[in-house]
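Participant: Turn this into a model:
(one chain, ligands or ions: 1)
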Amino acid sequence: MKSIYDYTQEQMIEEFLQFGEKEFRATQVFEWLYRQNVQSFDQMNNLSMALREKLADFYDIGPLKIEEKQVSKDGTIKYLLKLKDGGFIETVLMIHDYGRSLCVTSQLGCNMGCRFCASGLLKKQRNLTAGEMVNQILTVMHDTGERVSHVVVMGTGEPFDNYDAVMDFVRIINHPKGLAIGARHITISTCGLCEQIEKYAHEGIQSNLAISLHAPNDEIRNQLMPINKRYPMDVLRKTLENYIQKTNRRVTFEYILLKGVNDELKHARQLAHYMRGLNAYVNLIPYNAVDEHGYQQSSMKDVEAFKNELLRLKINVTLRKEHGRDIDGACGQLRAKKVGDKHVDHNKK
Ligand code: SAH
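Facilitator: Residues are numbered from 1 along each chain as shown. Have a look, this model is predicted:
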């Protein structure tokens, strides 16, 4: 059964017209779902009983089941949610001074095989639908009673390996008659699938792009991220140049500092060189150690030195605040614990 959350406003109108319903009915339903955040067709009291029943026969509605919930001292909430087909996904709510940001999962498992990441412990089972991504937000808003103001597609999965559903997802949550989450408050993070970055540049969506770079040169990046063999750093850079030119938007580079791997001053200088002339900034991320992988977090001293070197070279840099340090913070860790994901071969050399 399809979920009612799978539809963009335009798709819903089309669907309703095919049903022999008027266009404005689709808009009413869309508003009930996202402006009123109702959880059943029954509550849509400006629709006829007959239509409400018909909709209930055809579409899934209602929140995902909260299988487990961990609340951190800093207010971060990590959810383990159960999909209708029984799959488990994580979604994380972070409280910032500027609002509430939700880290959304885009795939059940992931095939990118980054060596430091807990999400890749489970190979991709399937893509999530747009509705399953939307429902992560609705479920959390319902649970907390508060609006989610920012969305980062940085949970498990590679969003650009699930491109169409992720674009629908962005359109649904961005729609002014829907959740109306501003495009500039939505960030898609990719390990660097260049063809999709190019496509994204032409979508006419104002949402942000973040690139998981994590290395200053191909040698290190090849070790950490298999995707770099398909799209080496010069190809990625060229793609980003085009993206920035086309969209006039600034790109974020995410850079996890791994002790003794990519955290030396010479690496900072290489990174600065790579970024020179790109409208981009670096977000340094303290590594959340994953037992299975053996990498360690860089010392605070090295992190500061790395940051200062970038600053000295006039590179814009921020240091990501750690959230939920006292709970299973790294993507995929809660799921792995619950479901027992083990280290799998595609993460090995
Ligand atoms: N596949 C996408 C989005 C999911 S990962 C991407 O690669 O961007 C979201 C971010 O968390 C990425 O930058 C990823 O590299 C980072 N990440 C993964 N494991 C981490 C860990 N253990 N500690 C800190 N950051 C991690």
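Participant: close to the ligand, is the host helix or strand of Asp234?
Facilitator: Following DSSP states H and E, one finds Asp234 within helix 233-247. No: judged by CB under 6 Å from any ligand atom, helix 233-247 makes no contact with the ligand; its nearest approach is 12.4 Å. Just so you know, the C-beta spots here come from the backbone N, C-alpha and C atoms, and that holds for glycine as well.
Participant: Give the buried residues for that helix.
Facilitator: Neighbour-count burial for helix 233-247 flags 233, 236-237, 239-240, 243-244, 247 (criterion: 16 or more other CB atoms under 10 Å).
Participant: Tell me the one of these nearest Ser101?
Facilitator: Of all the buried residues of helix 233-247, Thr247 has the smallest distance to Ser101: 21.9 Å, by CB to CB.
Participant: Find me whatever residue is spatially closest to that closest one, sequence neighbours aside.
Facilitator: The shortest distance from Thr247 to any non-neighbouring residue, by CB to CB, 6 or more residues apart in numbering, is to Ala201 (5.5 Å).
Participant: For that neighbour, give me phi and psi.
Facilitator: phi -60, psi -30 (degrees, to the nearest 10).
Participant: what's the answer for Leu257, then?
Facilitator: Per-residue torsions, Leu257: phi -90, psi 120 (degrees, to the nearest 10).
Participant: Can you tell me the element Phe306 falls in?
Facilitator: Per DSSP H and E: helix 300-312 holds Phe306.
Participant: what's the answer for Asn46, then?
Facilitator: Per DSSP H and E, there is no helix or strand for Asn46.
Participant: Need the pLDDT of it.
Facilitator: pLDDT recorded at Asn46 is 96.
Participant: where's it relative to Ser119, distance?
Facilitator: Distance, Asn46 to Ser119, using CB to CB, to the nearest Å: 42 Å.
Participant: Look at those two and report which has more neighbours.
Facilitator: Each of Asn46 and Ser119 has its neighbours counted (other CB atoms under 10 Å); Ser119 has more, 26 against 9.
Participant: Is there contact, residue-wise, from the helix holding Phe306 to the ligand?
Facilitator: No: on the criterion CB under 6 Å from any ligand atom, helix 300-312 is out of touch with the ligand, staying 12.7 Å away.
Participant: Kindly report the same for stretch 110-129.
Facilitator: Yes: using CB under 6 Å from any ligand atom, stretch 110-129 reaches the ligand at 112, 114, 116-118.
Participant: ok, and for that stretch, which residues are buried?
Facilitator: In stretch 110-129, counting by 16+ other CB under 10 Å, buried: 110, 112-122, 124, 127-129.
Participant: what's the model's confidence in the strand ranked longest in the chain, averaged?
Facilitator: In the chain, taking DSSP state E as the definition, the longest strand is strand 88-96. The average pLDDT for strand 88-96 rounds to 94.
Participant: ok, now stretch 133-147?
Facilitator: 97.
Participant: swap in stretch 287-301?
Facilitator: Computed over stretch 287-301, the average pLDDT equals 88.
Participant: got the buried residues for that stretch?
Facilitator: 287-290, 293, 295, 297-298.
Participant: Format these as TSV; extra columns: distance to Val166.
Facilitator: Shown next, in TSV, are these (distance: CB to CB, whole Å):
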residue	distance to Val166
Tyr287	26
Asn288	24
Ala289	28
Val290	25
His293	26
Tyr295	28
Gln297	30
Ser298	31
